[in-house]
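[1] One predicted model, sequence on top.
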There are 2 protein chains.
Amino acid sequence: MSVRLVRTQGVTAPEGFRAAGIAAGIKKSGARDLALVFNEGPDYAATGVFTRNQVKAAPVLWTRQVLTTGQLRAVVLNSGGANACTGAPGFQDTHATAEAVAAALSDWGTETGAIEVAVCSTGLIGDRLPMDKVLAGVRDIVHEMAGGLSGGDEAAQAIMTTDTVPKQVALHHPDNWTVGGMAKGAGMLAPSLATMLCVLTTDAVAHAAALDRALRRAAAHTFDRLDIDGCCSTNDTVLLLASGASGITPAQAELDDAVLRACDDLCAQLQADAEGVTKRVTVTVTGARSEEEALLAARAVARDSLVKTAMFGSDPNWGRVVAAVGLAPTTIIDPDRITVSFNGSPVCIGGVGAPGAREVDLSGADIDVIVDLGLGDGLATIRTTDLSHAYVEENSAYSS
Amino acid sequence: MSVRLVRTQGVTAPEGFRAAGIAAGIKKSGARDLALVFNEGPDYAATGVFTRNQVKAAPVLWTRQVLTTGQLRAVVLNSGGANACTGAPGFQDTHATAEAVAAALSDWGTETGAIEVAVCSTGLIGDRLPMDKVLAGVRDIVHEMAGGLSGGDEAAQAIMTTDTVPKQVALHHPDNWTVGGMAKGAGMLAPSLATMLCVLTTDAVAHAAALDRALRRAAAHTFDRLDIDGCCSTNDTVLLLASGASGITPAQAELDDAVLRACDDLCAQLQADAEGVTKRVTVTVTGARSEEEALLAARAVARDSLVKTAMFGSDPNWGRVVAAVGLAPTTIIDPDRITVSFNGSPVCIGGVGAPGAREVDLSGADIDVIVDLGLGDGLATIRTTDLSHAYVEENSAYSS
């Protein structure tokens, strides 16, 4: 029997987790804006990876700090405000939120300290959160927590900002343990300014160190290689919590693989719902002198505005791909060895246009760009999207 | 009496230069597409700076090679095709073009070798040039060369691609020597894929080494700091030719200053006519630990798609500026010391939003962004534009 992957349930798919998502009034729209993921145990091992932006939001600073214990009981997440660039008062707001979650969980019957509560926020940078609404919401949400379908669904909805659909995954291992997850936003990790938040849960038995290895490896090959617009939020956070409720201790390789697959699927969902997306573009660079150089070249192509606008226009303008590769930082190339294909059709061979290159059909929603540098066996893939009118529209009118 | 700067005449403003621009049939539209700039002497000193893209078009490879002599008699430029990614046959086309110019000038009465002829091309990457039309045009254009107003004007028109207006400058020094110039395209040097070509002329007496110093210094502070979309053409070229016809030998500092001012003015013209521009945006970073770090941070802000779309929307979304600075490569920051202003109004002070920040009026065509990192005295400015619907439109339908 093989691993089974579905896109329902999400964080409450593994045993030992409850979740909820409510409308606390943080968003003016009245949509759900506060989520809680609660680990019932018996284990509380946890790890996280965070934005590489030097400007880190208060919840990132807080959560990085509490995770030094390798343990979490709960994660509280809000949309409707990033709580970034809010100074010491903003950090106090995050701390107060964690304290309020701990107090509410303790009142509810599970003795919890603030140091066991991670906080994630997403939304506009620079404004304080409406703390009266956040704190009232925290008191309410504890009573809404549910396992099974509804808890995960509602939590996944509550963390959406410009997302048009919630993103969830559940990966059931034949040995009777599960990895679940939810995510919002789109970008790389550090992902896009449309903050990427992701909470993964598992009922496997695993130490924090094992979780950490699995998560870092998975993030490096999934979220780190999703690059919508090269921008990187102050708030990006991916957390992995293990309840141990299945009683099963998977081998590290099995855990690595399950977490990788869950992250990979969430990445595909983020790409498909990225801001203004009309094309899902995959840029693969092969034949580089190393994986690192392949990655830099693939990222350079994936970030190039002229490549991305050509993709929007279904225009097989391969010269822009070659020019973007030629500018990739610290990647050495030999222009006469570059070969490029679009959706399997060669468009440039040995640095020169291939016959029929201008007629390749890119009108479909998926575009596969492969660049072979012809220098070695380094290989890497970046997922991105086109640069469309809708992207410009959405991002020129976000805060106003 | 001070230096006088006008935006007419261009390359034929200095004594000793003739120019022409004709329609040779390279562009399907029938617009002018072939330009010639001819140095009548008595001196022929010349220098150039070129794209940093590892993928270099045939004319760049050719011109870099002929400039090792430090001398040029003529520059032939075509729009309607970049002659990039065209392999050895494309290089032979460039060579044949230089030979044809040399032969035509020799027939006309000025003994010239191909090694004295620079070639520049701009247009779509990847297609061979229609050499029958190029060579016939070269034979014709020699007879069209004129000094004064019309020659420079027509040459400036003939190098346009997506430019909507020709760009020219003439800087008259009170000591009776002049620097002239024309440019097309928009981007950084290495500038944007809308190839940047620029030919500067002077009737000053100056050795190639003196020209080289003046041009490198000027380019580093002007074209190098114009960044429309972070893309960099395979063809970007800036040339400076000196005829010595004025008989005046300016001091190096005077030459440096005149070339810098001519380049700076052409840069302002390129920025104002960049693809899809609705806002002229200037990003200045001060208080960095070095000029280099200031430049990296300013470039990171100027290239950020979310900053640029916010500018298009006249949206004072300063959080995106701070986040972009936080991602600038190798620039160390202290988030709590960052201060940002838009058009002179503080929007972020010490990493936290300033009162009234969301109400700053950015509805005008010029937006001045100043970021003070508060760490040192490093300072640099990048000129850029917004990211508009028109940019997406123009670049999604260029080759097709």
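    The structure has been received and is ready for your questions. Numbering: from 1, shown residues only, chains lettered A, B, ... in the order given.

[2] residue of the stretch 51-200 of chain A with the smallest distance to chain B?
    Closest residue of the stretch 51-200 of chain A to chain B, C-beta to the nearest C-beta: residue A:125 (2.5 Å). To be clear about C-beta, it is placed using only N, CA and C from the backbone, and glycine gets the same treatment.

[3] where does the closest residue to that residue other than its chain neighbours fall, helix, sheet strand or coil?
    Nearest residue to residue A:125 in three dimensions, chain neighbours excluded: residue B:319, at 2.5 Å (C-beta to C-beta, 6 or more residues apart in numbering or on different chains). Three-state call for residue B:319 (DSSP: H, G, I helix; E, B strand; the rest coil): helix.

[4] Next one: residue B:319 from residue A:82, what distance?
    Distance, residue B:319 to residue A:82, by C-beta to C-beta, to the nearest Å: 7 Å.

[5] what sits in contact with each of these two?
    Taking C-beta atoms under 8 Å, 6 or more residues apart in numbering or on different chains as the criterion, residue B:319 and residue A:82 both touch A:124-126, A:234.

[6] which of those residues tops the neighbour count?
    Highest neighbour count within the shared contacts of residue B:319 and residue A:82, by other C-beta atoms under 10 Å in any protein chain shown: residue A:234, with 30 neighbours.

[7] quick one: that one from residue A:85, how far?
    Remark: distance between residue A:234 and residue A:85 (C-beta to C-beta) = 7 Å.

[8] Return every residue with contacts to both of these two.
    Both residue A:234 and residue A:85 are contacted by A:55, A:57, A:125, B:319, B:322, under the criterion C-beta under 8 Å, 6+ apart.

[9] Could you tell me how many residues sit around residue A:140?
    Look at residue A:140: counted by other C-beta under 10 Å, it has 16 neighbours.

[10] what's the closest non-adjacent residue to it?
    residue A:22 (6.2 Å).

[11] Contact partners for that neighbour?
    Shown in contact with residue A:22 (C-beta under 8 Å, 6+ apart): A:32-34, A:137, A:140-141, A:144, A:154, A:158.

[12] Go ahead and build a PyMOL selection from the buried members of those residues.
    For the buried members of those, the matching PyMOL selection, counting by 16 or more other C-beta atoms under 10 Å in any protein chain shown, is:
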select buried, chain A and resi 32+33+34+137+140+141+144+154+158
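
[13] Which residue in the contacts of residue A:22 has the weakest pLDDT?
    Of all the contacts of residue A:22, residue A:144 has the smallest pLDDT value, namely 91.

[14] Quick check on that residue: phi, psi?
    Main-chain torsions, residue A:144, degrees, to the nearest 10: phi -100, psi -10.

[15] Show me the helices in chain A, by range?
    Under the criterion DSSP state H, helices of chain A are mapped to A:58-66, A:87-108, A:131-141, A:148-158, A:208-221, A:252-272, A:291-303, A:305-312, A:318-326, A:389-395.

[16] I'd say residue A:218 and residue A:260 touch.
    Yes: with contact defined as C-beta atoms under 8 Å, residue A:218 counts as touching residue A:260 (4.2 Å).

[17] how near is the residue in the stretch 201-350 of chain A that chain B sits nearest to to residue B:90?
    Proximity of the stretch 201-350 of chain A to chain B (C-beta to the nearest C-beta) peaks at residue A:319, 2.5 Å away. According to C-beta to C-beta, residue A:319 and residue B:90 sit 12 Å apart.

[18] Pick out whichever of the two has more residues nearby.
    Neighbours per residue (other C-beta under 10 Å) separate residue A:319 from residue B:90, with residue A:319 holding more: 29 against 25.

[19] Please tell me I have it right and that one contacts residue B:123.
    No: using C-beta under 8 Å, residue A:319 makes no contact with residue B:123, being 10.0 Å away.

[20] Give me the common contacts of those two.
    Joint contacts of residue A:319 and residue B:123 (C-beta under 8 Å, 6+ apart) are residue B:82.

[21] What sits closest to the spatially most central residue of chain A if chain neighbours are left out?
    Note on chain A: the residue nearest the mean C-alpha position is residue A:196, at 4.6 Å, using C-alpha atoms, centre = their mean. In this structure, residue A:196 finds its nearest non-sequential neighbour in residue A:185, 3.9 Å apart by C-beta to C-beta, 6+ apart.

[22] you'd agree that neighbour is up against residue A:223?
    No: contact criterion C-beta under 8 Å: residue A:185 and residue A:223 do not qualify, at 10.0 Å.

[23] For those two, indicate the residue with more neighbours.
    In terms of neighbours (other C-beta under 10 Å), residue A:185 is the more surrounded of residue A:185 and residue A:223; the figures are 30 against 27.

[24] Pull up the per-residue confidence for that one.
    For residue A:185, the predicted pLDDT is 83.

[25] and what of residue A:333?
    The predicted local confidence for residue A:333 is 91.

[26] check contacts around it.
    Going by C-beta under 8 Å, 6+ apart, residue A:333 touches A:297, A:325-326, A:373, A:375, B:54-55.

[27] can you give me phi and psi for the spatially closest residue to residue A:42 that is not a sequence neighbour?
    Leaving aside its chain neighbours, residue A:42 sits nearest to residue A:244 (5.4 Å; criterion: C-beta to C-beta, 6+ apart). Main-chain torsions, residue A:244, degrees, to the nearest 10: phi 70, psi 10.

[28] so who does residue A:244 touch?
    A:16, A:41-43, A:45, A:203-206 are the contacts of residue A:244 under C-beta under 8 Å, 6+ apart.

[29] And for residue A:165?
    For residue A:165, the contacting residues are A:269, A:273, by C-beta under 8 Å, 6+ apart.

[30] quick one: it from residue A:184, how far?
    Distance from residue A:165 to residue A:184, by C-beta to C-beta: 10 Å.

[31] Low-confidence ranges, chain A, go.
    The model of chain A has pLDDT under 70 over residues A:1, A:147-149, A:186-194, A:231, A:397-400.

[32] roughly how far apart are the residue sitting furthest away from the middle of it and chain B?
    Using C-alpha atoms, centre = their mean, the residue of chain A lying farthest from its centre is residue A:355. It sits 39.6 Å away. According to C-beta to the nearest C-beta, to the nearest Å, residue A:355 and chain B sit 12 Å apart.
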